[in-house]
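> Sharing a model prediction with you, sequence too.
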Amino acid sequence: MHLPNGLVRSYSLVNAPGERHRYAIAVNRDESGRGGSRYMHDQLRVGQVLQISEPRDSFPLTEAASHSVFIAGGIGITPLWNMVQRLSQIGAPWSLHYSARTPEAAAFAEPIAELALRARGLVHMNYDGGMSSKRMDLAAIVASTPSYAHLYCCGPVRMLEAFETACADRDPALVHREYFAAPAVPQPAGATDQEFTVKLARTGKTIPVGANTSILDAVLKAGVDVSYSCMSGICGACVTSVLGGVPDHRDLVLSDAEKDSGETMLICCSRARSPELTLDL
Ligand code: FES
């Protein structure tokens with residue numbers, strides 16, 4: 001969403017994949033967020049025309065999985081709800097563990113429960129009232145999931161970190177998560193980011209990237225128009241093809257296999273392991 005006030009925000013499409021006449025999103029008003037949801041709740045009006053960019057899939061569903069387990073916290077249900085609908089459409093088995101503060105705060109709880117009755121799905125709701133003692137036991141959920149199942153999680157950082165820990169021994173190809181906010185990653189003691197240069201293949205221009213600057217900032221400063229949104233490696237908007245050099249991936253979007261291939265990188269947070277990178281810009 002390219003909002004009239006200049007903010008760019010990414011939201012999950014929540015409608016079933018077969019529905020082609022509209023895009024549906026759900027926006028939770030976040031008082032402590034960076035302002036996008038507050039703007040949308042307070043300023044946008046029915047009938048207003050907004051600019052959007054093409055939908056992008058940085059959190060894909062493996063439809064062929066013999067079992068899929070979804071774990072959602074709060075508004076983290078949004079990227080998972082259309083996956084649930086899709087698996088139901090094709091008759092694939094799934095289960096959903098969905099935690100919210102209260103029943104009133106649980107988006108889509110009723111249609112999800114209805115779908116579970118009609119389809120090969122199972123829904124486990126958890127209402128924690130904001131109390132840590134009533135949080136979902138992710139370790140127990142993961143431990144009770146067969147090793148061949150695909151696991152998906154979206155929710156607050158705390159939940160995603162518990163999910164990562166619970167899945168540490170699982171095949172990474174079967175573990176999927178989407179972050180709303182980047183977790184704090186402590187820099188190892190004494191570590192500093194090195195300077196490097198970026199060559200822009202389409203113009204041949206070479207630009208320096210300082211130790212305290214991101215590639216995205218350097219590229220924007222050079223007057224190149226690139227897509228971006230979260231600026232913290234969680235939305236995938238700034239994905240860029242790498243034509244030369246070795247990226248130092250620091251995002252939470254690309255899979256390990258994609259990172260190992262070195263073919264693309266997220267330029268808002270990732271850096272370079274080689275003195276120069278050549279990007280398809
Ligand atoms: S702008 Fe969101 S991942 Fe780079």
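Here it is on my side, so go on.

> Torsion angles phi and psi at the closest residue to residue 103 other than its chain neighbours?
Nearest non-adjacent residue to residue 103, counting by CB to CB, 6 or more residues apart in numbering: residue 127, 6.1 Å away. The C-beta positions use only the backbone N, C-alpha and C, and glycine is treated the same way. Note on residue 127: its backbone torsions stand at phi -110, psi 110 [degrees, to the nearest 10].

> So which residue is dead centre in this structure?
With distances taken as CA atoms, centre = their mean, residue 178 lies nearest the centre of the chain, 3.4 Å away.

> what about the strand or helix carrying it, near the ligand?
Using DSSP states H and E, residue 178 falls within strand 175-179. No: using CB under 6 Å from any ligand atom, strand 175-179 stays clear of the ligand, coming no nearer than 9.8 Å.

> Get me the contact residues on this protein for the ligand.
Remark: the part of the chain in contact with the ligand comprises 228-231, 233-238, 251, 253, 266, 268, using CB under 6 Å from any ligand atom.

> one step back: there's contact between the residue nearest to the centre of the chain and residue 57 in this structure, I believe.
No: using CB atoms under 8 Å as the test, residue 178 is too far from residue 57 to be in contact (10.9 Å).

> Can you give me the neighbour number for the nearest residue to residue 245 once chain neighbours are set aside?
Spatially, and ignoring its direct neighbours in sequence, residue 245 is nearest to residue 277 (3.7 Å; CB to CB, 6+ apart). Residue 277: 27 surrounding residues under other CB atoms under 10 Å.

> hmm, who's touching the helix or strand encompassing residue 277?
Assigned by DSSP H and E, residue 277 falls within strand 276-279. Residues outside strand 276-279 that contact it (CB atoms under 8 Å, 6 or more residues apart in numbering): 196-201, 206, 215, 219, 240-247, 265, 267.

> Any buried residues in the strand or helix carrying residue 38, and which?
Assigned by DSSP H and E, residue 38 belongs to helix 36-43. Using 16 or more other CB atoms under 10 Å as the test for burial, helix 36-43 gives 36, 37, 39, 40.

> so who does the second one touch?
Residue 37 makes contact with 9, 27, 28, 29, 30, according to CB under 8 Å, 6+ apart.

> and if we set it to 6 Å?
Contacts for residue 37 (CB atoms under 6 Å, 6 or more residues apart in numbering) come out as 27, 29, 30.

> what's near enough to touch the first one?
Under the criterion of CB under 6 Å, 6+ apart, the contact partners of residue 27 comprise 37, 40.

> can you tell me the helix or strand for it?
Here residue 27 is assigned to no helix or strand, by DSSP H and E.

> I'd like to know how far it sits from residue 140.
Using CB to CB, to the nearest Å, residue 27 is found at 32 Å from residue 140.

> do residue 230 as well
Residue 230 is 31 Å from residue 140, by CB to CB.
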